[in-house]
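Asker: Here you go, sequence then predicted model.
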Amino acid sequence: MTQTPHRTAPAGSWRELLGSHHAPIASVLAGGVLLEASNVYLTTSLLPTIVGDIGGAEFYAWTMMTFLLASVVSSMMVSRILTQQGAVRAYLLALGLFALGSLLCAASPWMWALLAGRAVQGLGGGLLAGLGYALIQRALPERLWARGAALVSAMWGVGNIVGPVVGGVFAQLDAWRVTFVGLAVVSALIGIVVVRALPQTTRSRSSESVPWGSLVLLSGGVAAVGIAGVVPSGLGTGVAIVVGVVLGVWFLRHERRGRNGILPRVTFAAGSSLGWVYLTVAVLAFAIGTEAFIPLFGQEIGGLMPFVAGLLGAALSLGWSITQVFTANATAIRSRRVLITVGPLVIAAGLAAYGLLQHEGPSPLVIALWFATLFLAGAGIGLGFPHLTVAALGSTSGEEEGAKAAAAVNTVFIIASAFSSAMAGVLVNLAMPDIVAAARLLMLVFAGVTLVGAFVARGASWGIGAATAEENPPSGPTSTPASAPTSD
């Protein structure tokens, strides 16, 4: 790839990011993503109690699919809403939708009402998660981008721990409605911080029309993959996955040929590494699809108590969250390239080791190794994720294109997670009722996919320190829109 070296911004520090000047902004960006992330796992923990109260067991899986599909749709509109409404209004809109959806869930007398609430929640959640990435570029100086990205993306791991714990406690108390009211209250509190602390950004008309074609194709693809995870295994599952893949490929072709779309135009430009960056994000997110089944394996194979099995399921996210706090400190171009390239290899090693350790009647040592190997797999995600986000942030110029590049990290992440969850369900069903065989098949197949992803990551790594400086001048504290507040 022929590219001009990109100037390296001076390194920031965690103390600066979490200091008095930037802490309110960091708390808003992280808090919004944490709301979205913890709500995913929290609702899963509450569902048995909810179904026992209002019925609708036949729509059990649809609660997640409805939320996920709505999140994907709204995440694709982040750049447009941010451009038209400005940072403060965009965040308040997202928080308002999330709070409204939470209150609708809390007041639901039957399952269909809950599904409607989940859809509204998803619209707000998708915006919150996308804004968390998009506003790193506008609200923070470039030297803090890597740490901001690490903080924001770590919230997905934290949510995987907080959600099940909080949901489990309130489910035990039979107070699931109170939990959703609590989410609305937290949304309101974050809204107060938004008004007081978030920098105002310019508002302008979007330079492009709504990309309806891309929205329909990508939403249809995600919906098809989601259906694959809820229909009985067999022909229907295969057809749904094929439809999802076809629509996904059609979406990429449409984006490549269209004049406006969801992805920034530079994604498909000759010599650009941004497409490789998004593919690598997808590979890392794909590994997370195993999480839903790890607690099941822990209980059925290891005889673990539900709470301990839940902690086992959180080991992957814990490894991801902790590791990227440290890897975000890497500033040398070579180091960041190595972290991105090695990440998929570490994930593959961790998942394969966990799969090979599955057998009936495991000893305490083997169970301890389960935790260690899953933590290792999660660490592979955390190695390069912050630097992939920074590569996307610095890949293009212009406010709207920059917001697209950043928000697309979240969109790709959600889509890959949805697809991997469906694929995980298919693989487990193929091997059942042999639970040990199911665990081995799932982990070894996913390890193989992430291993292949190492070649994709190598292409993405060249986006570090190699951006077209003439077209994409680096943003700093003096060139960021946030440095010159205007009416919001």
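Answerer: That came through fine. Numbering: from 1, shown residues only.

Asker: got a list of what Ile435 touches?
Answerer: When contacts are counted by C-beta atoms under 8 Å, 6 or more residues apart in numbering, Ile435 is found next to 296-297, 300-301. All C-beta atoms are positioned from the backbone trio N, CA, C, and that covers glycine.

Asker: please redo it, this time with the cut-off set to 10 Å
Answerer: Neighbour list for Ile435: 293, 296-297, 299-301, 358, 360, 428 [criterion: C-beta atoms under 10 Å, 6 or more residues apart in numbering].

Asker: cool, Ala353 as well?
Answerer: Applying C-beta under 10 Å, 6+ apart to Ala353 gives the contacts 369-370, 372-374, 376-377, 443, 447.

Asker: Try it again at 7 Å.
Answerer: For Ala353, the contacting residues are Thr373, taking C-beta atoms under 7 Å, 6 or more residues apart in numbering as the criterion.

Asker: returning to what we had before: mind giving me the PyMOL command for buried ones among the contacts of Ile435?
Answerer: With 16 or more other C-beta atoms under 10 Å as the criterion, this PyMOL line picks the buried residues out of the contacts of Ile435:
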select buried, resi 293+297+299+300+301+358+428
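
Asker: could you dump the contacts of Ile435 to JSON lines with pLDDT and distance to Gly459?
Answerer: Conversion of the contacts of Ile435 to JSON lines gives the following (pLDDT from 0 to 100; distance: C-beta to C-beta, whole Å):
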{"residue": "Phe293", "pLDDT": "82", "distance to Gly459": "30"}
{"residue": "Leu296", "pLDDT": "79", "distance to Gly459": "35"}
{"residue": "Phe297", "pLDDT": "87", "distance to Gly459": "34"}
{"residue": "Gln299", "pLDDT": "80", "distance to Gly459": "40"}
{"residue": "Glu300", "pLDDT": "84", "distance to Gly459": "39"}
{"residue": "Ile301", "pLDDT": "91", "distance to Gly459": "37"}
{"residue": "Gln358", "pLDDT": "93", "distance to Gly459": "33"}
{"residue": "Glu360", "pLDDT": "88", "distance to Gly459": "42"}
{"residue": "Val428", "pLDDT": "82", "distance to Gly459": "31"}
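
Asker: got a markdown table for the contacts of Ile435, with secondary structure too?
Answerer: Putting the contacts of Ile435 into a markdown table (DSSP: H, G, I helix; E, B strand; the rest coil) gives the following:
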| residue | secondary structure |
| --- | --- |
| Phe293 | helix |
| Leu296 | helix |
| Phe297 | helix |
| Gln299 | helix |
| Glu300 | helix |
| Ile301 | coil |
| Gln358 | coil |
| Glu360 | coil |
| Val428 | helix |
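
Asker: can you count the residues close to Trp244?
Answerer: Actually, residue 244 is Gly. It isn't Trp. The local packing count at Gly244 equals 23, with neighbours defined by other C-beta atoms under 10 Å.

Asker: SS state for it?
Answerer: In terms of secondary structure, Gly244 is helix; the call rests on three-state DSSP.

Asker: just checking, it touches Gly221?
Answerer: Yes. The pair formed by Gly244 and Gly221 meets the contact definition of C-beta atoms under 7 Å, at 4.8 Å.

Asker: So what's the residue count around Asn329?
Answerer: A total of 16 residues lie near Asn329 under the criterion other C-beta under 10 Å.

Asker: What strand or helix carries it?
Answerer: Using DSSP states H and E, Asn329 maps to neither a helix nor a strand.

Asker: how close does it sit to Gly350?
Answerer: Spatial separation of Asn329 from Gly350 under the definition C-beta to C-beta, to the nearest Å is 22 Å.

Asker: Same check on Pro141?
Answerer: From Pro141 across to Gly350, the span is 34 Å (C-beta to C-beta).

Asker: These two: which is more packed in?
Answerer: Applying other C-beta under 10 Å to Pro141 and Gly350 shows that Gly350 carries more neighbours, namely 27 against 21.

Asker: what's the pLDDT at the more buried one?
Answerer: Gly350 carries a pLDDT score of 95 in this model.

Asker: Same check on Met111?
Answerer: 90.

Asker: what about the closest residue to it other than its chain neighbours, neighbour count?
Answerer: Among residues not flanking Met111 along the chain, Gly56 sits closest, at 2.5 Å (C-beta to C-beta, 6 or more residues apart in numbering). The criterion is other C-beta under 10 Å. On that basis, Gly56 has 19 neighbouring residues.

Asker: swap in Arg334?
Answerer: Number of residues near Arg334 (other C-beta under 10 Å) recorded here: 11.

Asker: cool, Leu92 as well?
Answerer: Per other C-beta under 10 Å, the neighbour tally for Leu92 reads 18.

Asker: how close does it get to Gly248?
Answerer: With distances defined as C-beta to C-beta, the gap from Leu92 to Gly248 amounts to 33 Å.

Asker: now swap in Gly19 and tell me
Answerer: For Gly19, the distance to Gly248 - C-beta to C-beta - is 42 Å.

Asker: just Thr411 next, same as before
Answerer: When distances are taken as C-beta to C-beta, Thr411 and Gly248 turn out to be 12 Å apart.

Asker: Looking at those two, which has the bigger crowd around it?
Answerer: For Thr411 versus Gly248, the count of surrounding residues by other C-beta under 10 Å is larger for Thr411: 28 against 19.

Asker: any idea of the pLDDT on the more buried one?
Answerer: Note for Thr411: predicted pLDDT of 79.

Asker: Secondary structure element for it, which one?
Answerer: Taking DSSP H and E as the criterion, the element that holds Thr411 is helix 399-431.

Asker: buried set for that helix?
Answerer: Quick answer for helix 399-431 (16+ other C-beta under 10 Å): 399-428.

Asker: circling back to that earlier point, now, among the contacts of Ile435, which is nearest to Leu388?
Answerer: Phe293 (26.0 Å; C-beta to C-beta).

Asker: who touches the closest one in this structure?
Answerer: Shown here is Phe293, whose contacts under the criterion C-beta under 7 Å, 6+ apart are 424, 428, 442.

Asker: That's all I had, so thanks and see you.
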